[in-house]
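Q: Predicted coordinates and the sequence they were generated for:
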Amino acid sequence: MSKTFLIGSCEPFSGKSALVLGIARNLIASNHMVRFGKPLATSLELNVSERGDIQDMIDDDVRFVGETLQLSPENLIPSIQFLAASTANERIQKNILDPGGGVDEFQLSLNSSGEAINILEAAGSLHEGLLYGLSLPQLAKGLKAKVLLAHFWQDSRSVEALLEAKNQLGDHLSGVILNAVNPDQIKDIKENIVPSLKALGLEIFGVMPRSPLLRSVTVEELVRRLNARVICCSDRLELMVETLSIGAMSVNSAMEFFRRRRNMAVVTGADRTDIQLAALEASTQCLILTGAGEPLPQLINRSEELDVPLLKVDRDTLSTVEVIEQAFGHVRLHETVKATYAFRLVQEHCDLDRIFKTLGISS
């Protein structure tokens, strides 16, 4: 008989996809058949037949996990609803306000699972999906499934969200993975915080360190969010940006500052050629020019020599920085290098044997 469990979170971008990848890969290595899906899609590319019929609603995250783990198409579980303003508006306008059938409808997708282990990724928070009957508590209770929470840990105040999750999920909550923890604090959290959480009825299966790589963003994503014009090196947009620097100081101060940073996006005015050239000699993944004016030919030539994309935006420096800061940690895990790192993080920092034992799965 198939087993089904849910991976959820109290807030979006808490590390659910990384946890899915790490757990699923380990199960596959142990010769388990794995199926994966998101009952409520949040990022969607519809699979349409030649006649124009929608065949499957496969979330983009599900597709990426399937490709990364080489899951067969039949082991990707289609979503049954799409979380978007348009679908929510349609339900409200049509007075479809009784969401109770969502879980029952999704249960039909799992009936033919056989001996497979169904891993389901819930929506971003405890309440997200209520309108569709597909929130994490509704799914857990309706499917009688155990839940693992990936939880973004900042400080001890983060426990409040976990206590609320325990209150809503009850016995369905198997345990928690604390994620994005400052590496310097991991030892203290394991020795002092984890025992206290256990006393509160919260099982902690792992403490994963904050990863600049997993919170990074591609240059291509920055181009999209900023609506930037790519001046050169358009074939290098896959580069990963981990940090942000603003070139608004003297060139000597800038050079010293740039040396201490790695994998930067540097934002500076289009008229600051001295800063721009200094940034190109450091660990810069892309150079973003703001304000009026165009880059000098020697800057473009040097960018091309070093394979550093040069972008131009029709924004001021402050608004450009705000867009970039919002992107860090709020992009989907859709790069192979991130997936590979996620495998290692989960393997090294999560007690997978205890997780599988709690879920009733042989490892």
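A: Arrived safely, thanks for sending.

Q: Not counting sequence-adjacent ones, nearest residue to residue 105?
A: Leaving out its chain neighbours, the residue that sits closest to residue 105 by CB to CB, 6 or more residues apart in numbering is residue 80, at 5.4 Å. To be clear about C-beta, it is placed using only N, CA and C from the backbone, and glycine gets the same treatment.

Q: Which residues are in contact with that neighbour?
A: Going by CB atoms under 8 Å, 6 or more residues apart in numbering, residue 80 touches 39-40, 57, 102, 105-106, 109, 134.

Q: can I get those residues in JSON lines with neighbour count?
A: Formatted as JSON lines, the contacts of residue 80 follow (neighbours: other CB atoms under 10 Å):
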{"residue": "39", "neighbour count": "32"}
{"residue": "40", "neighbour count": "27"}
{"residue": "57", "neighbour count": "18"}
{"residue": "102", "neighbour count": "22"}
{"residue": "105", "neighbour count": "14"}
{"residue": "106", "neighbour count": "24"}
{"residue": "109", "neighbour count": "17"}
{"residue": "134", "neighbour count": "26"}
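
Q: Which members of those are the farthest-apart pair?
A: Using CB to CB, the pair of those lying farthest apart is 57 and 102, separated by 13.5 Å.

Q: Buried residues in stretch 204-223, which are they?
A: Using 16 or more other CB atoms under 10 Å as the test for burial, stretch 204-223 gives 204-211, 214-223.

Q: That should have said stretch 300-315, apologies.
A: Buried, per 16+ other CB under 10 Å, within stretch 300-315: 302-303, 308-313, 315.

Q: right, and out of those residues, which lies closest to residue 343?
A: residue 309 (28.2 Å).

Q: and that closest one, what pLDDT?
A: pLDDT, residue 309: 97.

Q: distance of it from residue 127?
A: Using CB to CB, to the nearest Å, one gets 39 Å for the distance from residue 309 to residue 127.

Q: What of residue 17?
A: 20 Å.

Q: So between the two, which is more surrounded?
A: residue 17 (25 against 13; other CB atoms under 10 Å).

Q: Surely that one touches residue 333?
A: Yes. Between residue 17 and residue 333 there is a contact under CB atoms under 8 Å: 4.4 Å.

Q: Could you tell me which residues touch both of these two?
A: With CB under 8 Å, 6+ apart, residue 17 and residue 333 have common neighbours 61, 64, 342.

Q: mean confidence for the host helix or strand of the last one?
A: For residue 342, the enclosing helix or strand under DSSP states H and E is helix 336-349. In this model, helix 336-349 carries a mean pLDDT of 93.

Q: For it, buried residues please.
A: 338-339, 341-343, 345-346, 349.

Q: same thing with stretch 71-86?
A: Quick answer for stretch 71-86 (16+ other CB under 10 Å): 71, 75-83.

Q: after the longest strand along the chain, next one along is what?
A: If you go by DSSP state E, the chain has its longest strand at strand 173-181. Tracing the chain C-terminally past strand 173-181 and defining elements by DSSP H and E, one meets helix 186-188 next.

Q: which residues sit against that next one?
A: Contacts of helix 186-188 (CB under 8 Å, 6+ apart): 207, 209.

Q: In contact with residue 155, which residues?
A: Neighbours of residue 155 in contact, by CB under 8 Å, 6+ apart: none.

Q: if I look at it, how far off is residue 188?
A: Distance from residue 155 to residue 188, by CB to CB: 11 Å.

Q: Distance-wise, check the residue nearest to residue 26 when sequence neighbours are not counted relative to residue 173.
A: Closest residue in space to residue 26, ignoring its immediate chain neighbours: residue 352 at 5.4 Å, by CB to CB, 6+ apart. According to CB to CB, residue 352 stands 18 Å off from residue 173.

Q: who has more neighbours, the two?
A: residue 173 (24 against 18).

Q: so the more buried one bridges to which residues?
A: residue 147 (DSSP bridges).

Q: Distance check, it against residue 9.
A: 12 Å.

Q: and for those two, which residues touch both?
A: Contacts common to residue 173 and residue 9, judged by CB under 8 Å, 6+ apart, are residue 149.

Q: those strands in the stretch 251-363 of the chain, which residues are they?
A: 264-269, 284-290, 310-312 (DSSP state E, counting those that start in this stretch).

Q: mind listing what the longest one pairs with, with the direction of each?
A: Strands flanking strand 284-290 in the sheet, each with its direction: strand 264-269 (parallel), strand 310-312 (parallel) (DSSP bridges).

Q: Give me the residues contacting the shortest one.
A: Contact with strand 310-312 is made by 219, 222-223, 226, 228-233, 270, 286-289, 294-295, 299-300, 303, as judged by CB under 8 Å, 6+ apart.

Q: can you do 7 Å?
A: The contact list for strand 310-312 (CB atoms under 7 Å, 6 or more residues apart in numbering) reads 223, 228-233, 286-289, 295, 300, 303.

Q: Check stretch 35-43 too.
A: Against stretch 35-43 from outside (CB under 7 Å, 6+ apart): 20, 24, 57, 59-62, 65-66, 71, 75-83, 106, 113, 116, 118-121, 123, 129, 132, 134, 139, 332.

Q: Can you tell me, leaving aside adjacent residues, what's nearest to residue 142?
A: residue 103 (3.0 Å).

Q: That neighbour should be in a helix, yeah?
A: Yes. When DSSP: H, G, I helix; E, B strand; the rest coil is applied, residue 103 is found to be in a helix.

Q: was I right about it contacting residue 136?
A: No. Taking contacts as CB atoms under 7 Å, residue 103 lies outside contact range of residue 136: 11.3 Å.

Q: okay, those two: which has more neighbours?
A: residue 136 (33 against 21).
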